[in-house]
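J.: Just a sequence and a predicted model for now, questions to come.
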Amino acid sequence: MNMLYALQKLARALLTVLLIVSTVFFVLRLSGDPAVYVLGLEADPRALDAFRQQWGLDLPIWQQYLHFLGNCLQGDFGYSYFEERDAMTAVLERLPKTLQLMGVTGLCTLLIGVPAGIYAALHRNSWIDRLTMLVSVAGFSLPNFVLGIFLILLFSVTWQLLPTSGSGSWQHFVMPVLTMTVAEAAIFARFTRSAMLEVLHQPYMRTARAKGLRWPQAVCRHALPNAAIPLITVVGFFVGTLVAGGVVTESLFAWPGLGRLLVSSVANRDLAVVQIIVMLIACSMVLTNLVIDLLYGWLDPRVGSLRTGD
């Protein structure tokens with residue numbers, strides 16, 4: 001893989017993170033006065049002015065932005081108004097719960113979606129294939145909050161089998177994970193099926209059969225490795241949809257993670273917390289796509305040898 005290609009992708013990733021964080025910085029400060037949200041509409045004007053002066057909100061926005069960038073470079077990401085502590089500490093306290101939920105969801109998604117897509121492709125136009133695609137379309141089309149509410153009504157209200165909120169036991173994982181897995185597994189099933197169907201009709205599959213390989217051997221040795229290459233692209237989108245779905249799911253099931261903290265922080269204009277969470281989300285998505293780009297360059301020398309952006 002060409003080193004210039006890797007450096008180009010890395011520079012693009014860093015620029016993307018900077019643009020995202022900068023956009024969030026300006027949007028948050030132009031959408032409302034944090035002093036009013038913290039102290040209330042009836043607060044004394046002198047108290048409001050003192051609050052703005054204490055946190056540098058009385059400065060021109062471009063000066064606030066430069067101070068923000070300088071503090072980030074020094075490892076200072078701000079103070080949470082509502083948590084009344086360091087913003088990074090408040091975020092890192094919630095991070096493990098989000099990682100647990102996303103990790104279990106990702107594992108379940110791959111274990112369900114990929115095998116379902118492979119099986120549907122190997123039995124094309126059968127009733128199993130049609131049923132798999134029907135379920136996939138339904139799962140992808142159903143919004144997370146609708147499915148989550150339905151699961152709460154069914155498993156918690158009607159049958160009283162599962163808790164509606166919290167994260168204390170494995171039972172608390174069932175409904176949030178199921179809510180997020182349904183849509184994600186549906187996406188992987190459809191993409192896997194399409195990738196497999198394209199590979200199964202390639203000349204090298206006929207050559208493998210002509211050489212005496214049995215059908216299962218040809219599929220495992222030639223079809224699956226080649227079908228896995230297009231699926232790498234889906235992983236980048238997968239991280240983004242996991243994050244977006246996690247915000248809704250964590251709020252719906254009162255899961256004590258970053259998604260729920262993000263919603264409450266945006267409502268309260270807790271600027272430092274929102275900026276850190278957005279930065280973490282942006283870095284995770286950009287890092288994932290950077291790894292995917294580098295993997296493409298490694299798997300396909302024609303991509304890695306490019307000297308200009310693709």
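T.: Structure received.

J.: what about Gly148, neighbour count?
T.: For Gly148, the count of nearby residues is 22 (other Cβ atoms under 10 Å). In short, each C-beta sits where N, CA and C put it, glycine included.

J.: Ok, Gly70 next?
T.: The number of residues packed near Gly70 is 10, by other Cβ under 10 Å.

J.: quick one: which helix or strand includes it?
T.: Using DSSP states H and E, Gly70 sits within helix 61-73.

J.: For that helix, which residues meet the burial criterion?
T.: Gln64, Phe68 (16 or more other Cβ atoms under 10 Å).

J.: For it, which outside residues touch it?
T.: Ser22, Phe25, Phe26, Arg29, Leu30, Gly56, Leu57, Leu59, Phe77, Gly78, Gln275 (Cβ atoms under 8 Å, 6 or more residues apart in numbering).

J.: Please repeat the previous calculation with a cut-off of 6 Å.
T.: Residues outside helix 61-73 that contact it (Cβ atoms under 6 Å, 6 or more residues apart in numbering) are Arg29, Gly56.

J.: Parallel or antiparallel, which strands does the next helix or strand after it pair with?
T.: Downstream of helix 61-73, the first helix or strand assigned by DSSP H and E is strand 79-80. Under the criterion DSSP bridges, strand 79-80 sits next to strand 85-86 (antiparallel) in its sheet.

J.: Now do the lengthiest helix in the chain: which elements does it pack against?
T.: Determined from DSSP state H, the single longest helix within the chain is helix 87-122. Contacts defined by 3 or more Cβ pairs under 6 Å, 6 or more residues apart in numbering; DSSP states H and E place helix 87-122 against strand 79-80, helix 127-141, helix 171-200, helix 258-268, helix 271-299.

J.: what's the offset of that helix from the middle of its chain?
T.: Distance of helix 87-122 from its chain centroid, counting by Cα atoms, centre = their mean, to the nearest Å, is 9 Å.

J.: ok, now stretch 147-162?
T.: Once both centres are worked out by Cα atoms, centre = their mean, stretch 147-162 turns out to sit 25 Å from its chain's centre.

J.: Quick check: end-to-end length of it?
T.: 15 Å (Cα to Cα, to the nearest Å).

J.: Report the buried residues of it.
T.: The neighbour-count check on stretch 147-162 (16+ other Cβ under 10 Å) flags Leu147, Gly148, Leu151, Ile152, Phe155, Ser156, Leu162 as buried.

J.: Tell me what angle the longest helix of the chain forms with helix 171-200.
T.: Following axes from the mean of the first three to the mean of the last three Cα atoms, to 10 degrees, one obtains 50 degrees for the angle between helix 87-122 and helix 171-200.

J.: avg pLDDT for helix 87-122?
T.: What helix 87-122 shows for mean pLDDT is 90.

J.: Now that helix: buried residues?
T.: For helix 87-122, using 16+ other Cβ under 10 Å, the buried residues are 87-88, 90-91, 94, 97-98, 101-102, 104-106, 108-110, 112-114, 116-122.

J.: I'd like the helices and strands packed on helix 87-122 laid out as TSV, including mean neighbour count, mean pLDDT and distance to Asp44.
T.: Below are these laid out as TSV (neighbours: other Cβ atoms under 10 Å; pLDDT from 0 to 100; distance: least, Cβ to Cβ, whole Å):
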stretch	mean neighbour count	mean pLDDT	distance to Asp44
strand 79-80	21	86	22
helix 127-141	15	89	52
helix 171-200	22	90	43
helix 258-268	21	85	20
helix 271-299	19	79	22
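
J.: So which of the ones you listed is nearest Arg52?
T.: helix 271-299 (12.2 Å; Cβ to Cβ).

J.: Off-centre distance for that closest one?
T.: 9 Å.

J.: cool, stretch 160-177 as well?
T.: 21 Å.

J.: From the opening residue of that stretch to its closing one, how far?
T.: 18 Å.

J.: again with stretch 206-224
T.: 15 Å.

J.: Can you name the residues in contact with it?
T.: Val199, Leu200, Tyr204, Met205.

J.: contacting residues around the last one?
T.: Met205 makes contacts with His222, as judged by Cβ under 6 Å, 6+ apart.

J.: could you redo the last one with a cut-off of 7 Å?
T.: Ala218, His222, Ala223 (Cβ atoms under 7 Å, 6 or more residues apart in numbering).

J.: host element of the first one?
T.: Using DSSP H and E, the secondary-structure element containing Ala218 is helix 215-218.

J.: and Leu213, what pLDDT?
T.: Leu213 carries a pLDDT value of 79.

J.: where does it fall, phi/psi-wise?
T.: For Leu213, the backbone dihedrals (degrees, to the nearest 10) come out as phi -70, psi 140.

J.: Tell me how far it lies from Tyr119.
T.: According to Cβ to Cβ, to the nearest Å, Leu213 and Tyr119 sit 20 Å apart.

J.: Tell me the spacing between the spatially closest residue to Val239 that is not a sequence neighbour and Phe155.
T.: Counting by Cβ to Cβ, 6 or more residues apart in numbering, Val239 lies nearest to Thr288, which is 4.5 Å off, once chain neighbours are set aside. Here Thr288 is placed at a distance of 32 Å from Phe155 (Cβ to Cβ).
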